[in-house]
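In: Just need the structure, nothing else, for what follows:
(one chain, ligands or ions: 1)
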Amino acid sequence: MSKQTRRARLRTATAEAHVERAVSVVTGRPILIRCECPLGHDHTYAEWQERFGREAAEE
Ligand SMILES: [Zn+2]
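Out: Numbering: from 1, shown residues only. Below you'll find the model as predicted:
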């Protein structure tokens, strides 16, 4: 029943810092998040989920 943030576990590789575009659940507006995931380039949260979300989502 733990609800940890999934991305905290994904520390496998060091990539260049870039920006992830997401949508705020509070305001519904686009927000930019500093990201250092292995994608290594600007991307959306959906894109990140495509790459890593499937595995990480499995509890
Ligand atoms: Zn990223």
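In: so where's the chain uncertain?
Out: For the chain, applying pLDDT under 70 flags the ranges 1-14, 55-59.
In: Could you list the contact residues of it toward the ion?
Out: With CB under 5 Å from the ion as the criterion, the chain meets the ion at residues 20, 35, 37, 39. Where you see a C-beta, it was placed from the backbone N, CA and C, and this is true even at glycine.
In: the helices in this structure, which residues?
Out: Along the chain, counting by DSSP state H, helices occupy 45-48, 54-57.
In: I'd like to know which of the residues of the chain next to the ion are part of strands.
Out: By the criterion of DSSP state E, membership of the residues of the chain next to the ion in strands covers 20, 35.
In: Can you redo the residues of the chain next to the ion as CSV, where the extra columns are distance to A46 and neighbour count?
Out: Shown next, in CSV, are the residues of the chain next to the ion (distance: CB to CB, whole Å; neighbours: other CB atoms under 10 Å):
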residue, distance to A46, neighbour count
E20, 10, 19
C35, 13, 21
C37, 13, 21
L39, 12, 18
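In: tally of neighbours for E36?
Out: 16 (other CB atoms under 10 Å).
In: A22 bridge partners, please.
Out: Beta-bridge partners recorded for A22 (DSSP bridges): I31.
In: got a list of what it touches?
Out: 30-33, 44-45 (CB atoms under 8 Å, 6 or more residues apart in numbering).
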